[in-house]
Structures are given as C-alpha cells and as structure tokens.
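Peer 1: okay, here's the prediction I keep looking at, along with the sequence it came from:
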Protein chains: 4
Amino acid sequence: MASNSFGRIFRITTSGESHGPGLGVIIDGCPAGLEVDEDYIQHELDRRKPGQSSITTQRKESDRISIRSGVYDGKTTGAPILILIPNEDQKSSDYDHVSQAYRPSHADYTYEKKYGIRDHRGGGRSSARETVNWVAAGAIAKLYLQKQGISIRAAVTSIGDIDVKIPMEKFDWSAVEKNIVRCPDAETAVQMQKLIETVRDDGDTVGGIVTGVIEGCPVGLGEPVFHKLEADLAHAMLSINATKGFDIGSGFSASRMKGSEHNDAWVKSESGSTTSTNHSGGIQGGISNGMPIYFRVGFKPVSTLMKDQKSVDRAGEEVIIQGKGRHDPCVVPRAVAIVEAMTALVVMDHWLMQRIYTG
Amino acid sequence: MASNSFGRIFRITTSGESHGPGLGVIIDGCPAGLEVDEDYIQHELDRRKPGQSSITTQRKESDRISIRSGVYDGKTTGAPILILIPNEDQKSSDYDHVSQAYRPSHADYTYEKKYGIRDHRGGGRSSARETVNWVAAGAIAKLYLQKQGISIRAAVTSIGDIDVKIPMEKFDWSAVEKNIVRCPDAETAVQMQKLIETVRDDGDTVGGIVTGVIEGCPVGLGEPVFHKLEADLAHAMLSINATKGFDIGSGFSASRMKGSEHNDAWVKSESGSTTSTNHSGGIQGGISNGMPIYFRVGFKPVSTLMKDQKSVDRAGEEVIIQGKGRHDPCVVPRAVAIVEAMTALVVMDHWLMQRIYTG
Amino acid sequence: MASNSFGRIFRITTSGESHGPGLGVIIDGCPAGLEVDEDYIQHELDRRKPGQSSITTQRKESDRISIRSGVYDGKTTGAPILILIPNEDQKSSDYDHVSQAYRPSHADYTYEKKYGIRDHRGGGRSSARETVNWVAAGAIAKLYLQKQGISIRAAVTSIGDIDVKIPMEKFDWSAVEKNIVRCPDAETAVQMQKLIETVRDDGDTVGGIVTGVIEGCPVGLGEPVFHKLEADLAHAMLSINATKGFDIGSGFSASRMKGSEHNDAWVKSESGSTTSTNHSGGIQGGISNGMPIYFRVGFKPVSTLMKDQKSVDRAGEEVIIQGKGRHDPCVVPRAVAIVEAMTALVVMDHWLMQRIYTG
Amino acid sequence: MASNSFGRIFRITTSGESHGPGLGVIIDGCPAGLEVDEDYIQHELDRRKPGQSSITTQRKESDRISIRSGVYDGKTTGAPILILIPNEDQKSSDYDHVSQAYRPSHADYTYEKKYGIRDHRGGGRSSARETVNWVAAGAIAKLYLQKQGISIRAAVTSIGDIDVKIPMEKFDWSAVEKNIVRCPDAETAVQMQKLIETVRDDGDTVGGIVTGVIEGCPVGLGEPVFHKLEADLAHAMLSINATKGFDIGSGFSASRMKGSEHNDAWVKSESGSTTSTNHSGGIQGGISNGMPIYFRVGFKPVSTLMKDQKSVDRAGEEVIIQGKGRHDPCVVPRAVAIVEAMTALVVMDHWLMQRIYTG
C-alpha cells in the first residue's frame, strides 16, 4: 500500500530507483515564506554523494537538484515542493549477473517474493540512492529549523572496533567535516580511516555507529503516547538502509543502571528548570524537555563485497555471486548527512505539530 | 494533535489515565469472523498486571475487561471493538506531594509545559497503566495471528549486569512463565530475581532488556522504504514507557563486524531458499524473509524510588520528593507481555496490508 | 480496514451498534484547558434523541453520557476523551424477522456480503444510532468554537414538496427549536409537521433537506487542493445515514447561471475586503473567505416502512418484510443536530490545522 | 499542513502550478505487474487538455507525460510512479494586472490571506492545471480497473438551462466523444454547443452538470461509517475546481419522495439478488451493492470573464479587473475527463482496500 511518505504535517513522498531517470521527492506542508537557499541544499547533498573521497564508492553523481514547484521568487509559497535529482553515472550492466540470483543480505529475494517482479539494476527501489530524496528534503527542514535556533548535527562515533571515547558534550564539531570519516575526534579519525582502507583493500566492508545531536529544541515537542519524539526518531533511523539499531540518551546502557544512578535531578536554572544530568537524552514521556537530544544509530557492514560469495538463484540453484561493481567499503561517513536529514524531518514535523498547541 | 492511534489497517485508538474510571481502547480494522476468546485476553492481561508477584508493584488491579462492541455471538463482525478496563485500586492521595513538584525522570515537567495543565495522579496519561489497552488489543491480534501460524513471544534477557548467555535459538520458552522474572533460562532467572529483590530492599530500581521473537512469519511482510517492518517495530518498542533502545538481528554488534562475517548466505532448502545464518534478523530491505525475526528492547530503571530525591517545583523552588507509594523495583518482567502485544499489533497490521498484494 | 475515524488533528474514533451495551467515542486532539460543560453536551444529544416528539421514533433513550477520560477538574487535559452512551430501550426481537432477509434500501445485503457475518439487530453498526457518538463529540467542538466566535447552526428547509421560501440570511433562528420540525419559518413548519403526520399515519416515510450555516469563521480555513473546506464538509455530510446529496453556496443552481451573474464582486469593507454577494458560500479555492458558509444536505425517506414490502432472503427466496417496530416517519428534524455536529468536527479540525500556519 | 495527497491505499501526491516548469504527481500503492499503456494515459490527458476545440481555452499544451520511476520493462514494479507533465504555453504577463488585485470568485484573496504570499501567475497552485496530475494518475487506475471489469464513464448532462432529458440507462455513450460538449445525446449536444458559443461571444461563461457512472463494480466496496463509498466520491468531486454540488442515485430529488416510492425492492436474479429499481445509486450503507453507481456533479460558471469587473486590491482600493487572457467559456466538457479520473482514484482505492477482507 501507499508507504512512500514520511511525516504528518511536514510530509515527504519519494520516488525513484538506483538506475533510471532519477529520484524525485515532493515536500508537502512546508510553511510559506521560507527563503530557499539552493546552495545549502546542494551542500547537504554533496556531504552524502558518492565519490566524495577515497573511502566511498567511485560512482560519480553530481546530484544537481532541480526544484519544479512550490517556490516563487526564491521563497516557498505553501504549495508542495517537487525536487528532482537525476541519475547520471549508471552502469546497469554491472548488475546483469544478479538479475536471476539473490545477493546475500540484500533485498533481492524479499522484493521478488513481495512484488513478483524485480528491478535488479542497482537494487532498484531498495538502493540507498533513495536517500538523496531525504537529504534534499531534510535540507529544507534544516534551513527552517536553523531560523528557530535548532541545530541538528551528527558524527561517526564508531567504525568496527574503533570507538570515539569522548562524551557527546566534548565532541569537536569543527573536526567533523575536516576528516573524511566525519569523526568528531581528529585522532580517532585517523585510525578509523586506516581501518576502512584496510577493509577496502581486502575486498571487505565494515559497520559503524553514527551519533545524532539536536540542540536548541524547545520544551514540548513530541506526543505523549504514540508518536513520542524518540519513537518517531527510531522509525526514521530504522528506515535508513543498513541500520540495525537505535538508542537514545543513556540507551542500552540504561539497562545496566540503577534508578538512583540514572535519574536526572531537576535543578533551578536561569530559564526556570533544568536537569543536572541528561541520561534521559532530552526527552521525557515522549516530549522534549529542553536539554540536548542525542542518540546512536548502528549500521551493519555493506552487503556487497569485492569477493565472491555463494548464493542461490530464482530456480533454487546454487550460484557464485562475483564481487564486482562500485561500492562503499563503509557507508557510515556518508550516512552522517542522512541521519541529520531524517532527524530534521522528524523535528520539523513535531515543531509544526506543536504550533497547534501553542498557536 | 490526534496521536493516540497506532497502526494503519489494524488500528488501535486508546484512552485513559492511571487514576480515573479506567482505560479504554477501540480496535478498528479487525477482520470479521474471528472467535474472541475472552479467557485468552484475560490471560494476557494477567501476565502484565500489577501485584502478580513479589517483585512487582503491590497495586492490585483485577483488570477484568468489558467488550462493548464489535463482537456478536462470540465472533468479530468487522465493526470496531471497544474494550474497557476499569481502574480499581487507586490511591490518588499518594500523589498529593507531587501535584506541584516535578519528579526526576518522569513526564511531569514536559506534560505541564506542553499542555499547561497536568493530571498528577499516578502520572495521568503518562502512566504505563495505558499499556493495558495495548495488551488487550494485542491479545486479539495474537489470536488472529496464531491461526495463521505466526507465534510471537518475548523474554527477559538482561537485568542490570546479569545477562542470559544462551543464544535466542536455544531459549527455553517453557521456562519463561515458570519464573517470576520471565527469563528463558531457569538458572539465570534465580540470579535475576535476587538482584531485583536486593535492589527493591534498598529502595532502588534496576533496568533490563527484553528480547522479542516472531516465528512463522511469511515472506513479504513490511514495506520497502518507510514502514519497513523493523522501523514499525522500532516505533512500537520506543512507544513503551521506559524504553531507551531497540535493535534487530545482529543489532548494535553489527557495527563491529565485517561484511564477510555478517552476510547471510542464501542456501537451498526444502521450501525453496533460506539463509545459513540470520544476522539479518529475518528482515531484508524492510521485508520479512521467512526466517525468525528477533530484536532487543532496552529498559531504563524505574524512575520512582523509595528514597528521597531532590527536585524543583512549579515555582522553581527546590524541594525533596519523598520516596513513597507502590511501585515496581523493575518493570522488565511485566514488560514481556507489553512487548509481545506491541509486536503483535505491528505484525497484524503488516499481515493485513500484505493481503492487498496477495489478495 | 481502519475506517471508523474522522478528522486529522481533532479526530474522533467511534464504536457501537444499535443493540448491545452502547456506543462509545474517543475524541483525540482536543486542546487542553477547555471547560467541558456536560449539560451542553446533553442538550445537544437531547436534540437528536429518539422519542423527543410525536413525529420521531418512539424508542426511548435517555442518552446520558459518561466521560471516562481526558477531563480533570472539569477541564480537558489534552489526553483523549472517551465518552460512553449506553443503549437502554432495545427490542432485539423486533428484528428477528429480518435476520435472514434483506430489508429494501437498508445495508443488510451489503454488510453481509462484505463481512460474511451480520448483526441484524437494529441494523447493527449500520444504524444511525452511531450518530450519538458524533453529536457528543461535535458538542465539544462546538463549545470550543463558540469561544472563538464561530457559530454553527442548521435547520430543516424542505420536507417532501414543502420548501422554506425565505433565503438563508432571513432565517428565524429563534423559531427553529420552537417547532418540532426544526424549521426556520414558523408557518412553513406547521405545513411540514402536517405532512409528516399524514405520511406517518399512512405507514410511509418522507425525505427532506437540512441547511447548515457557519458564521464567524475566520479567513483562511481549508486546504487548497485536497481537504478543501467544502470537500471535507461533503465527506462529512455524505457520511450521515440517509443522505443523498450535498451542495454549497449557489450549489446545483450555479450550473444554470452565467459567470456575470454568479461572480461575487470584492468591495471595500471596514475590516478590509468583503464580497457584495455570496454565491461562493463563504469558500473560495477551498479556503474560507470570511463570509457565511452555507450548504444543503439532501435526505432520502427512511427505508423502514410500517407497510409490508417484498424482498428476498439469504437463500435467494422471495419473502415479505413485515412493517413493524419503532421508526421515524421522517428523520430530518433529528438530523439537524447531526448536521451541526459533523460541521463542527470539520471546522474544528481546520481551525486547529490553521494554527500551524498562524501559530 | 500536508494536504496534497488523495487516497489511502492507492495514493497520489501532487505538485505544480499553472505557470512554472510543470506539474508532477507521485502515485504510491499501485500494484506491481500492471502493463502501463502510455498511449492510453496520453489519450486521457488529451480529453482534458486545453485548446482541444472551439469552446475551450486556446492555451496550447501538448501535455506529454514523462514517467520517471516505478515502471520497468513496461510494467509497474510496486514502487512509486512519478509522472511529470511540463508547462509549455504560459503567458505570465497576462496576469500582471492581477498581481495586486483580487479577481472576483477566484482564490486570490484566500490564498494571500492564508499564506501571506501568492503566486499570481495563472492562479498558481489554485489553477485547474493541477488536474493534469489527477487525469494522469486516474488513467493508471482506469487501466487497472478495466482489467477487473469495472468501467468508469462520465458525460455532460446540463449546460446552463439545457438538460439531457433521457435517463442514465439510455445514455448514448458512443455519442459522448463525438461531440465537443461530451453530451450523451447528440441532439441536445447541438443546443449546448450553441449556448456555449453565444455565451463565449458575449465574453461571459456558463455552468453545467456532469454525470458519472461506474459499472461492473463488485459488491462490497466502501467502508461502513466513514469512507463510505459515496462520501469518498463526494470528497473527490468537491475537490475539483469550480464544483458546487454532488448527489448520488436519486440525489436531491429523494428529498421529495416517499419511502414507498424510493425503496429499491430486492428481487431474485441469476447471480443471486438484485434490486428492481436503483434509487440507491448502487450504494447501500456506504457499500456497493452490485448495481450501477451514478452521481451528478454541479459546476459553477468559470469566474474569469472577457468583461471588465469591479474589485479591490491589496491596499483595499477599488480597481477594475480587465477581461483578458485565454479562458474557457465553459469548463464542463473538459471536466468529464477529470470526473472520470477522480472517480477511478476512489474506486481503485476501495478495490484495493477490499482485498484486505477478501484476500
């Protein structure tokens, strides 16, 4: 059924496949009067795009956006915004060998069984190329939220066994865009990059973790029962290709703690009340409490290897899937822009919802 | 805005507070002709109810359901099913001391700021008492899914630092309802119970982890981009009170793995194709692949302690929140029924959605 | 699928059948802080209830509401409001004769074919008894809208061939609740009442028209493409049992007009701009323009007659449906409260939506 | 808020303005495996397009569609289908004179007040040019429904005071596409055409009525309370620009009838049961009963005249709106394709919904 939309007030509806004319997203519910800075949108897409460094896939896409509606004289009009992003550097023949076979840990088998038909070129609709739609739409949300004083940032905090050891409050955000891993700690970034290169040279891939941080979020965003702010974030993050987990604030480590350790005490502050610690991760009862919101998103290693793998084909016969084509040895550095975009879509939706109460 | 509904095809809409006449849920979209086994629904509610053992809160609720519509001659008619569950054992005066103060890590502050008004008695709408609605509705979904050969089960796999060491495939499901912790390993259960009792006697609380398992799920459930099966599960789990994290299949540990370790190879099977390992957790590209689906849900320790805690009140003045009332030292054993119920709601919704394709 | 909800921001979800414990509605998305005047809600239900006069069905229902949640200290809290309305005066045996047969122009046949099962008692879920849910919820919306200066009223403007001749601007609203037909013209009311009595005495029924009027509606309510204000009103009105048509402003008569006659010229006014005529019916491009909104709703004659009728049964055999039981000879006077309620739900939803823009 | 989507299972999301790069629609929820006949889609667009005859606007648009996604090897894949339709023959300068003034009975004033900003070129988003999106998407729905044996047709049954006198059952469907009015009675068509030409030559416009007919619809489509089949049709029809009314089956004339005249008696038929008359219009209790579904849609006269009209501008000053540009003297002949398309979208949505029950 109709499932290619995300959000309720600020809603995106997406389309497009890895190979074909391109991707396209309609952004519905954007308030009128927002100045649309196309350079900023392009900048966000560039942070996600393939071929941006030695540790990403070498597919070359300029990802130039074309805004087809909803913007007049440089400003949004309240009408839906259609953005197109063409596909340029496709090599469909790279996928001929998998037209009849199921790649391990890809969506080939499940799509074919669900739909009875499969566009095998680059994974078709299951490709992470879809996320250009999200980054384009998320950039507009970020532009809007920045004007409200809300910042949304993410960074890579683990690659394989290498973890950033410093806590979120001490991240060096200025470092993030200066290293190709997008790690908030320059020294750890060097190690991470080496690991990715080693894995790449071995024809293998590796997973990692992205940490997202929302700052400047006002008190009151999020719904109390369903559509809790963290539940919508969880849905958003688990929608990203290759994600296997989400946790917020203290996260899974909270399961090991006692209440007396975990509780965030309320204390007086200049603006009224604040908490002395932030294990809650900025959300209580599904609703933002004014503290920074932070969460982790776990990514599995990319499934396409530059090694041969055993599999089966449509006829149920055993086959060897050759390791070829152009692929990321580690998707996590590019995923930073995607995590930020999906976060922005969630916050934007809740920010507008909240106007219903406070309007 | 309207946010007290969950699901799209099989949708529940819930109501009720901790203190007041009771809870009520409307189940919309249940297929006609299902025999409604009220004893089974009651059995599920009993697994969740307070006062069921020495390690749960001593509030006594019989949680007797009353079905008000949608069932005729013992069968569903296709009309919406309204189920009421009364509140019986309320002690609103237990909460007088927090009518003006914000309890640490509760939703008192955020509700008051969002709505400008707060029903402080037992946390009002923010109370986990809401989950009786989910368990009642989930029981109907489970009844339906059982007839399709789909089983949904959950168990406690961590309490504080004590973990179940055996893998999911080796869980002793017959043990789960025989120990009050609901642990799938009888020996570990003893240690867990001791830890909870120690913590309780100290006036403290402790967190833990629940693992959920779906078996018999056909290939094809889940949507490809948004409403991926794991994304809807993530939303469902993060909607449960006190949860801080969700991961599926290999989960966060996937971030430490290489692709060559993580990939699930396709192999021939009697029914066609299957995978030799199941790091994917039964879902690929958002769609079930026929293998067991398993996931973890992390719970923080309960915020209400039997110890005094510092906080602030509405006027911004510092206050001491007394440790009193009746509360769970660890909510995780009761959460097993809730995790199963929310899982059932998600699977039911996707099972019905899938009929659109296969109908 | 889940289809028993109406509205997006202010959303009701309904349940219940003609015969059984009763009806129940959850109102989700009501702003916090609204004083809930139960007497007013009851007053609205009394305007709809059966047995209120000699020209309505003699089934006796007191329709006493019970508010189960969402209200604390007499005010809404922002949590969902569950209202129950019990069934009291049921005579299920009145329907034994139609358990196997299909009543002409009722929903017996279609429900049975759709669901494979049918609660034949009083029509089950297809009964207009469902509309008590709408009137109860609509009363809360009306309470809220009244505080915003928005009035919602309706009146009977046709019964059979008898029409109110005066234009909407000259309706005598004070007359409406003084005659049992609810006609805004006292003289016409007398003729209408006579017609209904004649038809009733003949064991027959008759149709009619209700005109709805919204005044005080601010400029800007309604969405530009789908969810136009008139489109949502049309959906609402065609959801009411026995309705066959809806038109707004000049309505169907516009099809006979020229543009030079129909256009509403903009003229200067104290508040800025207004139109000299109002053929548009207060809505332009789907959005309210500040002028009164008015529309007509056409009702067919009630299908249950006090005469024998030919029909067929489940086995496909010809049967005679006896004319018996308690039924309205004309449903239109009672429908006035229902039209107002559904109108209020639509306006409330759009009023809250509009806060997103103006908040 | 997000309001540019229509449908639930088969859902379209639309974008675009009268002047600008063009229109674009994403069709989400189309079943996989449908052969997409582009010539048929183009044929439907040609029936709607401007400049097709002497009685339509002389704006020239070829309306060549470009399918950007969701179709592979000529068949739908289950992925969303993005269709673009460019704008070619725009004359934005035709609208310079209304950039500051409000045209009578247009959406200029309401858009400006709602959004604070207005794309005045051709009415921007409020233009009926939007309906190319609907016709393109509706054509795909029609292709699918034709394979299910469901036919959807419409015809012009009134222009001004000239009515088709023959009943729906006797429409000459072969005549409809042979006359430029699209009237199902060749003789009446001649009179209608003359009237439109007279009105056009006078710089004026005229309204009319379109009748829609669905045949071959299986029993069981439609939801019982909200989303009744007729309610969704009403929403669809009142979403079309310039519509003022909708009625179904006996329609408004039912209000003048007695129950004994109006009731449709059930009689034996070869296929089981049928009704001897069809005042119900093929729908009972919101659900299709297998008989033909027919309804009327009333259109007001086009608001743009080739005559000068008085109005006011943004500053509240009186102005004269000149009669110029290219416009339809009567929109009803072109609306036939739009009525069919919106009908197809509703039926398609309900057809897929019904698979949930019957799958």
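Peer 2: Cool, the structure landed.

Peer 1: please report how far the one residue in the stretch 201-350 of chain A that gets nearest to chain C lies from residue D:297.
Peer 2: Distances between the stretch 201-350 of chain A and chain C by C-beta to the nearest C-beta are smallest at residue A:224, namely 7.4 Å. To be clear about C-beta, it is placed using only N, CA and C from the backbone, and glycine gets the same treatment. Here the criterion is C-beta to C-beta, to the nearest Å. By it, residue A:224 lies 42 Å from residue D:297.

Peer 1: higher neighbour count, these two?
Peer 2: residue D:297 (32 against 23; other C-beta atoms under 10 Å in any protein chain shown).

Peer 1: list the contacts for residue A:152?
Peer 2: By C-beta atoms under 8 Å, 6 or more residues apart in numbering or on different chains, the residues touching residue A:152 are A:142, A:145, A:212-214, A:340, A:343-344, A:347.

Peer 1: change it to 6 Å
Peer 2: If a contact means C-beta atoms under 6 Å, 6 or more residues apart in numbering or on different chains, then residue A:152 has A:214, A:340, A:343-344 as its contacts.

Peer 1: and the next element down the chain from the helix or strand hosting it?
Peer 2: According to DSSP states H and E, residue A:152 maps onto strand A:151-159. Sequence order places strand A:162-163 as the next helix or strand after strand A:151-159, per DSSP H and E.

Peer 1: distance from that following strand to the middle of the chain?
Peer 2: How far strand A:162-163 lies from its chain's middle: 20 Å, per C-alpha atoms, centre = their mean, to the nearest Å.

Peer 1: ok, it: who's next to it in the sheet?
Peer 2: Take DSSP bridges as the rule and strand A:162-163 pairs in its sheet with strand A:151-159 (antiparallel).

Peer 1: for the helix or strand bottoming out on mean pLDDT in chain A, list every residue counted as buried.
Peer 2: Ranking every helix and strand in chain A by mean pLDDT, DSSP states H and E puts strand A:272-275 at the bottom, with a mean of 88. By neighbour count on 16 or more other C-beta atoms under 10 Å in any protein chain shown, the buried set for strand A:272-275 is A:273-275.

Peer 1: how about stretch A:351-359?
Peer 2: A:351-357.

Peer 1: so which of those residues sits lowest on pLDDT?
Peer 2: Lowest pLDDT among the buried residues of stretch A:351-359: residue A:357, with 77.

Peer 1: circling back: so how far is the least confident helix or strand of chain A from its chain's centroid?
Peer 2: The chain centroid and the centroid of strand A:272-275 are separated by 31 Å, computed with C-alpha atoms, centre = their mean.

Peer 1: contacts for that strand?
Peer 2: With contacts defined as C-beta under 6 Å, 6+ apart, strand A:272-275 is touched by A:264, A:266, A:291, B:312, B:316.

Peer 1: can you select the buried ones among those for me in PyMOL?
Peer 2: The PyMOL selection below is limited to those of those classed as buried (16+ other C-beta under 10 Å):
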select buried, (chain A and resi 264+266+291) or (chain B and resi 312)
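
Peer 1: so of the contacts of strand A:272-275, which ones are in strands?
Peer 2: Secondary structure from DSSP state E places A:266, B:312 of those in strands.

Peer 1: what parts of chain A come near chain D?
Peer 2: Contact residues, chain A versus chain D (C-beta under 6 Å from any C-beta of the partner chain): A:1-2, A:4, A:9, A:11, A:13, A:15-17, A:20-21, A:24, A:26, A:28-29, A:32-33, A:68-69, A:72, A:77-80, A:82, A:115-117, A:119, A:125.

Peer 1: read off the pLDDT value for the residue in the stretch 1-150 of chain A that chain B sits nearest to.
Peer 2: Closest approach of the stretch 1-150 of chain A to chain B (C-beta to the nearest C-beta) occurs at residue A:107, with a separation of 2.3 Å. You'll see residue A:107 listed with a pLDDT of 94.

Peer 1: so what's it up against?
Peer 2: With C-beta under 6 Å, 6+ apart, residue A:107 has these contacts: A:126, B:284-285.

Peer 1: got the contact list for the residue of the stretch 201-350 of chain A found nearest chain D?
Peer 2: Closest contact between the stretch 201-350 of chain A and chain D, by C-beta to the nearest C-beta, is at residue A:349 (9.0 Å). Taking C-beta under 6 Å, 6+ apart as the criterion, residue A:349 is in contact with A:7-10.
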